[in-house]
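**Student:** After the sequence you'll find the predicted model.
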Amino acid sequence: MTRRNLIPLVLALGCTHATPAAPASPPSEAAQPATQARQLPTPDEVVARLADALALTDAQKKAITPIVAARQERLAALAADDGVGRRRKARAAKAILEDADRQIEPILTHEQRERYAALKEELREHARERMRQKRAGAR
């Protein structure tokens, strides 16, 4: 599987999308088997992080929360589906995230959209670094 295909899946299953990079995993989480996906944050946790990062208004938070909730449900269902291969999961996760972004972005101001894009890029870089570390540890 190529790195390009893995990044959406890592973002979907291992990080919160469009939030600042999470601190290192606690030892108990690191000890989990690799086949066990990390728990996705709740929609309220994601919206709270977005609110802090983007200075969302109460109206924006109210509008974004159901979008994030639907996205998290879809990602959790995808992660639980054992009948779907990794590549297909990666493509589906990317589509879910892009769909949610298309719904969230019109709610944001121009400045918030710019910061949102920067946050997503930070997450991509964080995911790339985690993949590099994972590959280096496997050698």
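**Tutor:** The structure has been received and is ready for your questions.
**Student:** what separates residue 67 from residue 94, distance-wise?
**Tutor:** According to C-beta to C-beta, to the nearest Å, residue 67 and residue 94 sit 17 Å apart. (C-beta placed from N, C-alpha, C; glycine too.)
**Student:** meant to ask about residue 39, not that
**Tutor:** Distance, residue 39 to residue 94, using C-beta to C-beta: 20 Å.
**Student:** Those two: which is more packed in?
**Tutor:** Each of residue 39 and residue 94 has its neighbours counted (other C-beta atoms under 10 Å); residue 94 has more, 17 against 9.
**Student:** where's that one relative to residue 124, distance?
**Tutor:** When C-beta to C-beta is applied, the distance between residue 94 and residue 124 equals 11 Å.
**Student:** and if you look at residue 61?
**Tutor:** According to C-beta to C-beta, residue 61 stands 24 Å off from residue 124.
**Student:** again with residue 63
**Tutor:** For residue 63, the distance to residue 124 equals 25 Å [C-beta to C-beta].
**Student:** What ranges in the chain fall below the confidence cut-off?
**Tutor:** For the chain, the stretches flagged by pLDDT under 70 are 1-38, 139.
**Student:** then the host helix or strand of residue 59 to CSV, C-alphas only?
**Tutor:** When elements are defined using DSSP states H and E, residue 59 is found to belong to helix 58-80. Below are the C-alpha coordinates for helix 58-80, written out as CSV (Å, rounded to 0.1, in the frame of the first residue of the first chain):
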residue,chain,number,x,y,z
ASP,A,58,-21.9,29.7,19.0
ALA,A,59,-23.9,29.6,15.8
GLN,A,60,-21.0,28.1,13.9
LYS,A,61,-20.5,25.4,16.6
LYS,A,62,-24.1,24.5,16.5
ALA,A,63,-24.0,24.2,12.7
ILE,A,64,-20.8,22.2,12.6
THR,A,65,-21.6,19.7,15.4
PRO,A,66,-24.1,17.6,13.4
ILE,A,67,-21.7,17.5,10.4
VAL,A,68,-18.8,16.2,12.7
ALA,A,69,-21.2,13.7,14.4
ALA,A,70,-22.2,12.3,11.0
ARG,A,71,-18.6,12.1,9.9
GLN,A,72,-17.5,10.3,13.1
GLU,A,73,-20.3,7.8,12.7
ARG,A,74,-19.4,7.1,9.1
LEU,A,75,-15.7,6.7,10.0
ALA,A,76,-16.5,4.4,12.9
ALA,A,77,-18.7,2.2,10.7
LEU,A,78,-16.0,2.1,8.1
ALA,A,79,-13.3,1.1,10.6
ALA,A,80,-15.5,-1.6,11.9
